[in-house]
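A.B. asks: Turn this into a model:
(2 chains)
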Amino acid sequence: MLKQLHKQFPFHVFVWLGILFLLIFSYIPMFGIIIAFKNYKISTGIEGIFTSSWAGLTHFKALIDDYNFPNLVRNTLILSILKVVFSYPVPILFAIILSEVKNVAFKRFVQTVSYLPHFISWVVVTGIAYAFFSTGYGIFNELLLSLGILKEPVDVLTDPDSFYGLAVASAIWKEAGWWTIIFLAALAGIDPSLYEAAEMDGAGRIKRILYITLPELKSASIVVLILSVGSMLGGGLVGSNFEQSMLLGNSLNSEKSQIIQTYAFNIGLAQGRFSFAAAIDLMQSVISLFLIYTSNAIAKRVSGTGLF
Amino acid sequence: MQRRKTLEDRCLDSFIMVVLVLIVFMTLYPFYYILVITFNSGTDTTLGGMYLWPRDFTFGNYIYFLKDPKWLSALGMSLLRTVVGTSLGVLFTAMVAYGLARRDLLFRKSYFFIIVFAMNFSGGLIAYYVVLKSLGLINTFGVYVIPGMLNLFFLLIAISFFNDIPEELGESARMDGASELRIFARIILPVSMPLVATMSLFMGSGHWNAWLDSAYFVQNEGLRTLTYRMMQVINQSMIPTGDAASAAMSRSKVTPFSIQATAMVVSIVPILGVYPFLQKHFVSGMMLGSVKG
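C.D. replies: Presented below is the predicted three-dimensional model:
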């Protein structure tokens, strides 16, 4: 074994470099989450994680007593649930519609266009939202006012009540096309003879969609559903709860836009309350872990398909 | 055999056509609208009512953008971090993958466990920040390029790619006494160009679009990136700009918003430039990712 190790030594060095990297940037932070139970000060650096005094559950108590806490939990949950509910069906429907297009060039064109926004920064997407929804010159208000749908301009960007809709819609705009790829790949795997047989039996196209296409998408849909429920607190498929809350959120709509993650981040970095912020992070991770295991277990029981 | 179209077929086809054209319009129009804004004088844009074509055509926004040292340095910094960060990321990730791709590697299972575990669990942003701060990376260029050096998703893709390369390829060089690093750089990497291209495109667009690190891990003005500057305009759009700045702006008939739009176009163009190449590769990358789950 030692001889083999010696022979493979250069390969091991490559791997060790990678593992050293993970140790620093993944494992120390993972272990560092214990500062949630300590009185950590940033000036003490990494040693401080070990040497700082224990605080027990003080920070968790402080979090629950924080006057922002109910708002944060409500915003995080509502935003996450809305995103799963509204963004999940979009790629599936889009894939089915695309699969019904016979003109290959047109189909490819639509698909190419649809995933373009995935590669654009959230900052740019937010900038686009500002251009569209600004009350001064944004198209949105001008159009709705001139059509008489609105009586007076709505400031979508600062009105707290518009935040959820704005976040969900812009996330779908940005990411739905990208996720369609998975479902299109699943559709490409369907045996064409199924459709031919159905056609012989006189099934129209809508019937074929209902009885062949939809059932064939089942396993892909379940996998994606588990993934999106499991990552729900981050925004599910379309992700980006954190980015949106940071970028689309502002002091005027913060009552609806501030979520657990951004609060942790702001409190930690702006006020230097690292232990308190880590407690928020930890709480969020525990809920996420719970969600992914539960959704997987439910999926397994209901359909026999699961991720693990 | 071409079947005659039934009424159902025709209804469905028209419905699909309408939906798809609507989707294409809703995706492309925002980009087009931003482009129109950049070619219209900023002060005129604020009057509203412009939808399809610049009303007061000008190159003023682009000229102002290119003359403003702040925007220029941000553009340069974005380019620099994209080039440096992508090169480092691709080389380091590929190197680690090359080590792991050796099938008879001792402890291979344990190594994989360490990687997969790190993929699934994280300590959260706060603990991550603590580590960056302790390493002295905060407020340096390093914070842009070092933490992203090892991309675990592409690590797995690269391992499966290297596994398909015949082992004999490096054998003769090994006989001649070439070091593994040399074999990796001179023989393995050159035959892995499709992999390198995919990784470069994805990591590159990630670096180009990143904003969080420039916004929160850096205070030095010289290190600000394009995405950060755009974010700053968004954050300040509700606060009136300072007198000196606004005087200079009104002289050239630009507004913070029209400059912002210009920056957005500048930021989108490189993505559009590599998009055809990206597209060639990302479907396979996406599928690998989904299988991994």
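A.B. asks: Quick check: the spatially closest residue to residue A:55 that is not a sequence neighbour vs chain B, distance?
C.D. replies: Once flanking residues are discounted, residue A:55 sits nearest to residue A:39: 4.8 Å by Cβ to Cβ, 6 or more residues apart in numbering or on different chains. Every C-beta, even on glycine, is put in place using the N, C-alpha and C of the backbone. Distance of residue A:39 to chain B, computed by Cβ to the nearest Cβ, to the nearest Å: 14 Å.
A.B. asks: and what of residue A:95?
C.D. replies: Distance from residue A:95 to chain B, by Cβ to the nearest Cβ: 12 Å.
A.B. asks: ok, and the closest non-adjacent residue to that residue?
C.D. replies: With Cβ to Cβ, 6+ apart, the residue lying closest to residue A:95 is residue A:183, at 3.5 Å.
A.B. asks: Now for the one you found, how many residues are close by?
C.D. replies: 22 (other Cβ atoms under 10 Å in any protein chain shown).
A.B. asks: secondary structure element for it?
C.D. replies: Secondary structure from DSSP states H and E places residue A:183 in helix A:163-188.
A.B. asks: Give me the helices and strands touching the helix or strand just after that helix, please.
C.D. replies: Downstream of helix A:163-188, the first helix or strand assigned by DSSP H and E is helix A:192-200. Here helix A:192-200 touches helix A:205-208, going by 3 or more Cβ pairs under 8 Å, 6 or more residues apart in numbering or on different chains; DSSP states H and E.
A.B. asks: buried ones in the helix it packs on?
C.D. replies: A:205, A:208 (16 or more other Cβ atoms under 10 Å in any protein chain shown).
A.B. asks: Once you drop chain neighbours, what's closest to the residue in the stretch 201-308 of chain A positioned nearest to chain B?
C.D. replies: Nearest to chain B, among the residues of the stretch 201-308 of chain A, is residue A:281, at 3.1 Å (Cβ to the nearest Cβ). Distances taken as Cβ to Cβ, 6+ apart put residue B:124 closest to residue A:281, at 3.1 Å, once the chain neighbours are dropped.
A.B. asks: circling back: report the distance from the helix holding residue A:183 to the chain centre.
C.D. replies: Remark: helix A:163-188 is offset 11 Å from the chain centroid, using Cα atoms, centre = their mean, to the nearest Å.
A.B. asks: Stretch B:198-210 now?
C.D. replies: So, by Cα atoms, centre = their mean, the centroid of stretch B:198-210 is 4 Å from its chain's centroid.
A.B. asks: Same check on stretch B:114-130?
C.D. replies: Per Cα atoms, centre = their mean, the centroid offset for stretch B:114-130 relative to its chain is 22 Å.
A.B. asks: got the buried residues for that stretch?
C.D. replies: Buried residues in stretch B:114-130 (16+ other Cβ under 10 Å): B:114-115, B:118, B:122-130.
A.B. asks: and the residue nearest to residue A:95, how far is that from residue B:182?
C.D. replies: 45 Å (Cβ to Cβ, to the nearest Å).
A.B. asks: try residue B:144
C.D. replies: Counting by Cβ to Cβ, the gap from residue B:144 to residue B:182 is 29 Å.
A.B. asks: swap in residue B:111?
C.D. replies: 23 Å.
A.B. asks: so where's chain A shaky on pLDDT?
C.D. replies: For chain A, residues meeting the criterion pLDDT under 70 lie at A:305-308.
A.B. asks: Need the residue closest to the centroid of it.
C.D. replies: Compute the mean C-alpha point of chain A, and by Cα atoms, centre = their mean the closest residue is residue A:239, 1.7 Å away.
A.B. asks: and if you look at chain B?
C.D. replies: Taking Cα atoms, centre = their mean, chain B has its central residue at residue B:205, 1.8 Å away.
A.B. asks: what packs against the helix or strand where that one lies?
C.D. replies: Using DSSP H and E, residue B:205 maps to helix B:193-209. Applying 3+ Cβ pairs under 8 Å, 6+ apart, we find helix B:193-209 packed against helix A:122-133, helix B:69-101, helix B:152-163, helix B:256-292.
A.B. asks: just so I know, which of those lies nearest residue A:151?
C.D. replies: Proximity to residue A:151 (Cβ to Cβ) singles out helix A:122-133 among the helices and strands packed on helix B:193-209, at 17.1 Å.
A.B. asks: between that closest one and helix A:163-188, how many degrees?
C.D. replies: 120 degrees (axes from the mean of the first three to the mean of the last three Cα atoms, to 10 degrees).
A.B. asks: now for helix A:122-133, which elements pack on it?
C.D. replies: Using 3+ Cβ pairs under 8 Å, 6+ apart, helix A:122-133 sits against helix A:139-146, helix A:163-188, helix A:241-247, helix B:7-38, helix B:193-209, helix B:226-236, helix B:256-292.
A.B. asks: Save the ones you listed as JSON lines, and put in distance to residue B:106 too.
C.D. replies: Shown next, in JSON lines, are the helices and strands packed on helix A:122-133 (distance: least, Cβ to Cβ, whole Å):
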{"stretch": "helix A:139-146", "distance to residue B:106": "62"}
{"stretch": "helix A:163-188", "distance to residue B:106": "36"}
{"stretch": "helix A:241-247", "distance to residue B:106": "40"}
{"stretch": "helix B:7-38", "distance to residue B:106": "51"}
{"stretch": "helix B:193-209", "distance to residue B:106": "25"}
{"stretch": "helix B:226-236", "distance to residue B:106": "43"}
{"stretch": "helix B:256-292", "distance to residue B:106": "24"}
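A.B. asks: tell me the most buried of the ones you listed?
C.D. replies: helix A:241-247 (a mean of 25; mean count of other Cβ atoms under 10 Å in any protein chain shown).
A.B. asks: What helices and strands are in contact with the next helix or strand after that one?
C.D. replies: Later in the chain than helix A:241-247, the nearest helix or strand by DSSP H and E is helix A:254-257. When contacts are defined as 3+ Cβ pairs under 8 Å, 6+ apart, helix A:254-257 packs onto helix A:69-87, helix A:163-188.
A.B. asks: hmm, who's touching the shortest one?
C.D. replies: When you say that, I think you mean helix A:69-87. A:63, A:164, A:167-168, A:171-172, A:175-176, A:228-229, A:232-233, A:235-238, A:241, A:245, A:255-261, A:263, A:284 (Cβ atoms under 8 Å, 6 or more residues apart in numbering or on different chains).
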